[in-house]
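In: here are the coordinates; sequence isn't available:
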C-alpha cells in the first residue's frame, strides 16, 4: 500500500496531469499503438486514465536473472488486490529467469504466460491502446514489459456484488428460490447450470457508447427458429445510445410497436423461468447490471402465467390461471362498470342490492364518476407512496391509507362504502396479475375506460374494451401475434394457455414460437399403474412400501422435471 | 396487392358465418314470423340452399380469376369502364347494407338501454371502432372473428338455454297449417340475408388455400341455417305468434329470464351483440374500403377508410327513419335490391365469363 500511496503522491506532485476537459474517443485510442518502450506506454496511459483515484501503475523489475522493467496497470477498485500480489507480482518478481533461448525469437511474452503467470484467465490479444484501456476498465490487469509491444492482460475481476438471493418479485411456494443478481456472469451461470447441453448458446456483445454494458443473447440451438435469433441480433445491433442502465432500455429500443401500453417482452428474475422459455424456443437477453432477464417473443397469455403453475398440480394451476383472467378483467373494468351501472343502468342490479347501494350513496355529494376518480387516484397515490417511502415509514402510510382514507372518507359522507369495496377489489385484482408491467398498464387503462363509462355507460365500457381488443389483435411480438393461441387459433397451444394441461399431455412447444421442432415430450408418457395390479407389488411386500418402488406409477413426480 | 395478409380456413369460415349470422339471429325471427307465423323455423331451408348456390357461383368465379377480387375481375369480364360502373354499384350495395347494420344496432341500443342518447353517437362510435379494425388490416379483422365469434356463439347458446324455462313447444303446432306458401313468403328476407355470402367474392383471394373456399363457405351457410332454425324454434316456443310483433325477439328472451332468480342478463346480451355486430360491420367496411381502393387503383386502402366511415355514418342516419322503417324496408324493398347483387349479377358474370372463354385455374 505504501508503494501505491507514494505512486499517487508522486503523480500528484509531478505533472499537473492531463487536461480534465479532454475526452478521448475510441478512434483516437484505436490509432494509438502499443510502444516497445515501457515509459511511453505508461505515459500514454497516465494521460488517458491519470486523474482517477483508483488507477494503479505498479512498476517493478522482473525477478532474478532478468533485467527487464515491467509495470502493472489496473484499477484497484475492480480487481482483487490480494490475488494481484500473490499470483502476479510475486510470480513475476521472484521468477528465476526465463530461458535465454526464448528471447531472440520473441517468445519472451509467450514464456511468461506459459511458465510464470499462474492465473486462469489471461491473454495477450490487445493490439492497440483502446483494447488495453477497455480491458483495464473492466477489471483487467495490463502487464507491460519494457522492450516488448505485447501486453499481457490478466483477468481478475472482483467487485462488490449482491449474492444470489431468494426471488422476491416472483416468489413461489414450490420450486427453485434462486434469483438473478446484477452480475451477468453469475446470471448466465445460473442458467447454464440448469441447461447442460452444448446447444445452449450465450452470445455476447457490448452496448452503450459510455457504459459499454455487456449484453448476452441466449438461445437453444435446434429449438429456436434461426430467423428469430437473427432478428433479435439485428435489432440489438442497431442500438446506439450512450448508456444502458437496465434491461428496459433495450426493451424499449427493440420492441415491435413503440406506442403500445402492452409489454411485448417479459422480464423475469428466475433462472428456471428463463430455462423454461429457452426450452420453448425463445431468445433471452441478459444485461449486465440488471437482475432481470428479458425473453421474447411472448404472447399476452404468457404474462398471466407464473412459474409455479408448472410446479403445482395442474388442476389447481388451471383454476388459478382462470382466476387471473378474471382478475385482469376486474382490474381493468370493475370501476368503469360501477360508474356505468350507478349512472345509467340501475335496472341491471337486483332490487335489494340497488336499494342498499342507493341508501349508502345517499349522502354522497358527487356523481359516481367523480367519486370513482377520487378514490382510484387516491389509491394509486397510496400505492406509489407506500412503494417509494423508506420502509420504516411505509407502515405509517398503510395505516393512514386504511384508516383515514377508508373509514373517515365514508363517515364523512365523502364516498360510499360500496365504492371502497370496488376500489379494494380492483386493487387486489391488479396485484393478481403476475407481470408487474402489464398490471401497471391495466391500472392506467382503467381511467380512460371510466371516462367512457361516465359518458356512454355500458356501451362506452364495451367500446373501450373492444378498442383495446382490436389494438391487441394488431400487436406482434417479434412476429408472433399477440393474442395467439386464441387468435389466430392454435388448438395444440391451448393446452398451455388459459389452463395448464398435465405434462404428459403437453406434447408440443408453442407452435407460433418454436416454428419447427415442436415436439418436446414422448407421446406415451401418461403414467399408468403397473399392468399386474396388486400382484406387481407382491414380491416387494414386507421389506419396502409400494410407494418407494413404483417409479412408473409414481404419477406427479415426472411433471416437474421437464420444466 | 393491396392486402398482404392471409387468413386461415377457420377464420374464413367464421367470417362467412358471423358476417351473415350476426344480424340474422337478432332480426330474422321476427321478419320470418311476419309471414310464416309459427312455421318460421322452416324458413331457413330455402335460404340455405340459395346461399350455397351463391357460394358456388362466387367460388366458381374466383377459380377463373385466382388472386383477384370481385371489383378486379368485374373489370376483366365486362371491360374496364362497364366493369368499373358495376363495381361502383357493388360498393354502394356494400356500404348501404353496412349502413343498415350500423343503424340496426344503434336502434337496438337506443331502444333497449340508452333511450336518451342520439342514435348518431352510437353509430359513430361503432364506425370508429370498425375503422380502427379495418385500418389494422384483414389479418386483424380475421383474428377479431377468431377471438370473438366462438365466445359469442357459446354465450348465445346459453341465452337460448336460459330461455328454455319459458318455452312451450306445443306453440309450434300445427306444422304447415296454411301450406308452404307462407313459409316461402317468409323465406324471402332470410334468403336476401343468406345472400350476403357474396362478400366472399372480396375475401376469397386472401384465403390461405383458396380452393377450400367453396366447402368452407357452404358449411358456414349450413351452420347458419341450423342456428336460425334453432333460434326460430325457441322464439316461437317462447312467444308464439307474438314473435312477429317483437323488434328483437332473441333479445327479448334475455329480458324475460332471471338467471339464478336474481341476475338479469340483458346487459350481457348487449355486450354480446355489440361484439358480434362489430365483426360484421368491420368485414363489410373492409371490403368496401378495399374495393374502393382497387376501383381507383390506389396503392393503399387506408386513406379511404375514414372518409368511407363518414359516408357510412351519414348513410346510417339519413337513409333510415327509425326501427319500424328498417323492418318495413327489410321485408319489402331490400330483398329485390339485394337479390340483384347477390344472384343476378354474379350469375350473369359467370355466364359472360364462360362465354368469353375464361378458363378455370387449378
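Out: Looks like it arrived, so ask away. Note that the structure is predicted; figures quoted are calculated from it, not measured.
In: for chain A, what's its nearest residue on the stretch 151-300 of chain B.
Out: When scored by Cβ to the nearest Cβ, the stretch 151-300 of chain B has residue B:262 as its residue closest to chain A, at 4.4 Å. Just so you know, the C-beta spots here come from the backbone N, C-alpha and C atoms, and that holds for glycine as well.
In: tally of neighbours for the residue lying closest to that residue once chain neighbours are set aside?
Out: Nearest residue to residue B:262 in three dimensions, chain neighbours excluded: residue A:350, at 4.4 Å (Cβ to Cβ, 6 or more residues apart in numbering or on different chains). Residue A:350 sits with 13 neighbouring residues when counted by other Cβ atoms under 10 Å in any protein chain shown.
In: how far away is the residue of the stretch 151-300 of chain B closest to chain A from residue A:254?
Out: 51 Å (Cβ to Cβ, to the nearest Å).
In: so for the two, which residue has more residues nearby?
Out: Between residue B:262 and residue A:254, counted using other Cβ under 10 Å, the more crowded position is residue A:254 (21 against 11).
In: tell me the secondary structure for the nearest residue to that one once chain neighbours are set aside?
Out: Spatial nearest neighbour of residue A:254, chain neighbours left out: residue A:235 (4.0 Å); criterion: Cβ to Cβ, 6+ apart. At residue A:235 the chain is in helix, as set by DSSP: H, G, I helix; E, B strand; the rest coil.
In: okay, residue A:235 and chain B: tell me how far apart.
Out: From residue A:235 across to chain B, the span is 22 Å (Cβ to the nearest Cβ, to the nearest Å).
In: tell me how many other residues crowd that residue.
Out: 16.
In: those helices in the stretch 401-550 of chain A, which residues are they?
Out: With DSSP state H, counting those that start in this stretch as the criterion, the stretch 401-550 of chain A has helices at A:409-411, A:417-432, A:436-474, A:546-549.
In: most tightly surrounded among those?
Out: Among these, helix A:436-474 has the highest mean neighbour count (mean count of other Cβ atoms under 10 Å in any protein chain shown), at a mean of 21.
In: related to what we said a few turns ago, so the residue of the stretch 151-300 of chain B closest to chain A makes contact with residue A:354?
Out: No. Using Cβ atoms under 8 Å, residue B:262 is not in contact with residue A:354, being 11.2 Å away.
In: can you check which of the helices of the stretch 401-550 of chain A gets nearest to residue A:150?
Out: Ranking the helices of the stretch 401-550 of chain A by proximity to residue A:150 (Cβ to Cβ) places helix A:436-474 first, at 48.7 Å.
In: show me what from the stretch 401-550 of chain A comes close to chain B.
Out: A:456-460, A:462-463, A:466-467, A:469-471, A:473-474, A:481, A:483, A:486-489 (Cβ under 8 Å from any Cβ of the partner chain).
In: would you map the helices across the stretch 101-250 of chain B?
Out: B:119-136, B:138-163, B:181-194, B:200-203, B:213-239, B:249-256.
In: out of the ones you listed, which is closest to residue A:276?
Out: Closest to residue A:276 of the helices of the stretch 101-250 of chain B is helix B:138-163 (Cβ to Cβ; 26.1 Å).
In: so how far is that closest one from its chain's centroid?
Out: 14 Å (Cα atoms, centre = their mean, to the nearest Å).
In: for residue A:337, what are phi and psi?
Out: phi -60, psi -40 (degrees, to the nearest 10).
In: what about it, distance to chain B?
Out: From residue A:337 to chain B the distance is 9 Å (Cβ to the nearest Cβ).
In: what's the closest non-adjacent residue to that residue?
Out: Distance criterion Cβ to Cβ, 6+ apart; nearest residue to residue A:337, sequence neighbours excluded, is residue A:461 at 6.3 Å.
In: let me see the contact set for that neighbour.
Out: Neighbouring residues of residue A:461 by Cβ atoms under 8 Å, 6 or more residues apart in numbering or on different chains: A:333, A:336-337, A:340, A:449, A:452-453.
In: before we move on, what SS does residue B:3 have?
Out: For residue B:3, the reduced secondary structure class is coil; criterion used: three-state DSSP.
In: in contact with residue B:346, which residues?
Out: B:54, B:57-58, B:61, B:198, B:201.
In: ok, it to residue B:86 distance?
Out: 11 Å.
In: do the same with residue A:382
Out: From residue A:382 to residue B:86 the distance is 65 Å (Cβ to Cβ).
In: out of the two, which sits in the more crowded spot?
Out: Legend: neighbour count by other Cβ under 10 Å for residue A:382 and residue B:86, higher for residue B:86 (20 against 17).
In: got CSV for the contacts of residue A:461, with distance to residue A:401 and pLDDT too?
Out: Compiled in CSV, those are given as follows (distance: Cβ to Cβ, whole Å; pLDDT from 0 to 100):
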residue, distance to residue A:401, pLDDT
A:333, 24, 93
A:336, 23, 94
A:337, 24, 92
A:340, 27, 91
A:449, 24, 95
A:452, 28, 93
A:453, 25, 93
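In: having no further points to raise, I will conclude here.
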